[in-house]
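[1] Coordinates for the following, if possible.
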Amino acid sequence: MRLNALLVCREPQSLRVLAAAMDTLEVEQEVCVSAPQALELLAQRFYSALVVDFDLPTAGQLVRLARMAPSQRRPVVFAMIGALTDVGGTYQSGANFVFYKPLVVSQV
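    Here you go, the predicted structure:
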């Protein structure tokens, strides 16, 4: 089974960097811009990874809900955070890894 990722982000620059990194790793990507849309997509299909911009409203809630999925449907969660985002809160929400914005391909 191919790896795939759901990218929840509105920033064009971050999406370009994520797409470049995922293309290199041959990870299929799907983009959405809101937590409600992401929840709907997560309910419909399995994603290997969930990449969430924590500057979006309800990002933490989205991650908490994704982490409650059955273990065979639970994605690895990557949080994108800015300088003012609480790192501890990000991990408490259920993020497995953190990317610092602005994103750089080598970091991703």
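[2] switch to C-alpha atoms for all contacts and neighbour counts from now on
    Noted.
[3] what about the nearest residue to S14 once chain neighbours are set aside, which SS state?
    Computed as Cα to Cα, 6 or more residues apart in numbering, the closest residue to S14 that is not its neighbour in sequence is L103, at 6.0 Å. Classification of L103 by DSSP: H, G, I helix; E, B strand; the rest coil places it in coil.
[4] Dihedrals phi and psi, L103?
    For L103, the backbone dihedrals are phi -70, psi 150 (criterion: degrees, to the nearest 10).
[5] Other residues contacting the lengthiest helix in the chain?
    Longest helix in the chain, counting residues (DSSP state H): helix 12-24. Helix 12-24 is touched from outside by L7, C9, E28, Q29, K101, P102, L103, V104, V105, S106, V108, with contacts defined as Cα atoms under 8 Å, 6 or more residues apart in numbering.
[6] Show me which positions of that helix end up buried.
    By 16 or more other Cα atoms under 10 Å, the buried positions in helix 12-24 come out as S14, L15, V17, L18, A19, A21, M22.
[7] Dump that helix to CSV, restricted to CA.
    Output of helix 12-24 as CSV, limited to C-alpha atoms (Å, rounded to 0.1, in the frame of the first residue of the first chain):
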residue,chain,number,x,y,z
PRO,A,12,0.5,28.4,-0.3
GLN,A,13,4.2,28.5,0.5
SER,A,14,3.9,25.8,3.2
LEU,A,15,1.9,23.6,0.8
ARG,A,16,4.6,24.0,-1.9
VAL,A,17,7.3,22.9,0.5
LEU,A,18,5.3,20.0,1.8
ALA,A,19,4.4,18.9,-1.8
ALA,A,20,8.0,19.0,-2.8
ALA,A,21,9.1,16.9,0.1
MET,A,22,6.3,14.4,-0.3
ASP,A,23,6.9,14.1,-4.0
THR,A,24,10.5,13.2,-3.2
